[in-house]
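> Please work out how this folds:
(one chain, ligands or ions: 3)
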Amino acid sequence: NDQTEETANMQRCYYWLDKTSRSFSAVIKALHPDIRRAVCIFYLVLRGLDTVEDDMSLDENIKKDLLKSFHDKLFEPGWTFKGIGPQEKDRQLLVEFDVVIAEFLRLETKYSEVIADICKKMGAGMIKFAHKQVETVDHYNLYCHYVAGLVGIGLSRLFSVSNLESEMVGKDVECSNSMGLFLQKTNIIRDYHEDLVDGRTWWPHQIWSLYAGKLGDFVEPQHEAAGLKCLNHLVADALDLVPEVFKYMSRLQDQSIFNFCAIPQVMAIATLSLCYNNRNVLHRNVKIRKGQAVQLMMRATNMTAFYEIFEEHCLELKARAPSNDTRTHHALDRILSLINAQR
Ligand SMILES: O=C(O)CO[C@@H](C(=O)O)[C@@H](OCCCCCc1ccc2ccccc2c1)C(=O)NCCCCCc1ccc2ccccc2c1
Ligand SMILES: [Mg+2]
Ligand SMILES: [Mg+2]
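Ligands and ions are numbered 1, 2, ... in the order given. Here you go, the predicted model:
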């Protein structure tokens, strides 16, 4: 969409949006003009925070101080950070972060206060998980709440205060949280091998320890079957979020907001389906084909099609899931009955 009337700073922000996000830049740029800038800045602020979190070369104390104070930097015009390791893909965003701050400070207060509040909460949450691994399923849900659930909660508040969506959208924290968890859990499941190589694992010990002595065991042939059982267990856990995703999506009124929310969700169900019982996940990064992604993007523009896309992937999963995988079958049956009930 047309950004020529934007300031030079804002055009630089759209440049960084394109540079730092394959999956979100197009849908953010297609948002209604009233909230497009706010969501773009919201993304860049949190991507900057996440770049600090992801940098494993950063001294622990510097990292913790910066995660805790990052929301304050939003009010320090000219602030930048050059301490991110050279291997971090988005390090240059923080080198030029003064551009993001300048645009953040130009936002209406009703938007900037939401962004600063979520940034503060996310930074505090990331500190709690700065240690290496996630222990229980509750910790797993809590971590995903901090890094993605809060994004959904913040976005929903932005949608409501812009008056493009009802107050209910911003009030239903549970559904907003589930929107983020579904995306983050899908990423964590998909990124098993990549994260293992990076020495960061987000698969909860309480689950993977049912299937192996060490999380890294799953890359070995003799532990592959156990690895697939663990993978399928996590997919079923993610599928339990779908009823609340449906509830959230059904409330949306603005077309550009519907598309913005629907596209990442349909990508996620397609990715989860690809990952289920797929041994490649244990050895390399799997991704849905570009052609399939384009098809999904074009279809996911209304609730009927949204249900159809989920129904197709859930029926395909049901056909592949062995009958003794009761966790997955229960999750799928619940989703399919919800889809039939709304017809
Ligand atoms: O480093 C990477 O490239 C991936 O990092 C992952 C990680 O480190 O775990 C991880 O970093 C999480 C912390 C930073 C969150 C950044 C973010 C993402 C999308 C946004 C969309 C709109 C507005 C603001 C947004 C902020 C990551 O990017 N995971 C991708 C899933 C996060 C989904 C966030 C989210 C939540 C609810 C949503 C509801 C509707 C539409 C989009 C939504 C998007
Ligand atoms: Mg990251
Ligand atoms: Mg991160």
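> what does the protein put close to ligand 2?
Residues of the chain found near ligand 2 (C-beta under 5 Å from the ion) are 50, 54. For glycine as for every other residue, the C-beta is placed from the backbone atoms N, C-alpha and C.
> got the residues of the chain near ligand 1?
24, 39, 42-43, 46-47, 50, 54, 147-148, 151-152, 155, 179-180, 183-184, 187, 260-261, 264 (C-beta under 6 Å from any ligand atom).
> Need the pLDDT of the residue of the chain most remote from its centre.
In the chain, counting by C-alpha atoms, centre = their mean, residue 222 sits farthest out from the average C-alpha position, at 32.4 Å. pLDDT for residue 222: 97.
> cool, residue 52 as well?
So, for residue 52, pLDDT stands at 98.
> Keep the residues of the chain next to ligand 1, but drop any that are not near ligand 3.
Near ligand 3, by the rule C-beta under 5 Å from the ion, you find 50, 54 out of these.
> Make a PyMOL selection of whichever of the residues of the chain next to ligand 1 turn out to be buried.
Restricted to buried positions by 16 or more other C-beta atoms under 10 Å, the PyMOL selection for these reads:
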select buried, resi 24+39+42+43+46+47+50+54+147+148+151+152+155+179+180+183+184+187+260+261+264
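> Quick one: list the elements packing against the helix or strand containing residue 188.
Using DSSP states H and E, residue 188 falls within helix 173-190. The contact analysis (3 or more C-beta pairs under 8 Å, 6 or more residues apart in numbering; DSSP states H and E) places helix 173-190 against helix 137-144, helix 150-161, helix 224-239, helix 242-251, helix 255-275.
> Against which helices or strands is the first one packed?
Looking back up the chat, that one is helix 137-144. By 3+ C-beta pairs under 8 Å, 6+ apart, helix 137-144 packs against helix 109-128, helix 173-190, helix 205-208.
> any idea how far the shortest one is from the chain center?
Averaged C-alpha coordinates place helix 205-208 at 21 Å from its chain's average position (C-alpha atoms, centre = their mean, to the nearest Å).
> List the buried residues of that helix.
For helix 205-208, by 16+ other C-beta under 10 Å, it's 205, 207-208.
> thinking again about what came up before, format the helices and strands packed on helix 137-144 as TSV; extra columns: mean pLDDT.
Below are those laid out as TSV (pLDDT from 0 to 100):
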stretch	mean pLDDT
helix 109-128	98
helix 173-190	98
helix 205-208	98
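> Where does the prediction get shaky in the stretch 1-150 of the chain?
1-4, 132 (pLDDT under 70).
> swap the cut-off to 90 and go again
1-7, 22-23, 131-133 (pLDDT under 90).
> Over to the residue of the stretch 201-343 of the chain found nearest ligand 2. Which of the three states is it?
Nearest residue of the stretch 201-343 of the chain to ligand 2, counting by C-beta to the ion: residue 202, 10.8 Å away. What DSSP: H, G, I helix; E, B strand; the rest coil gives for residue 202 is coil.
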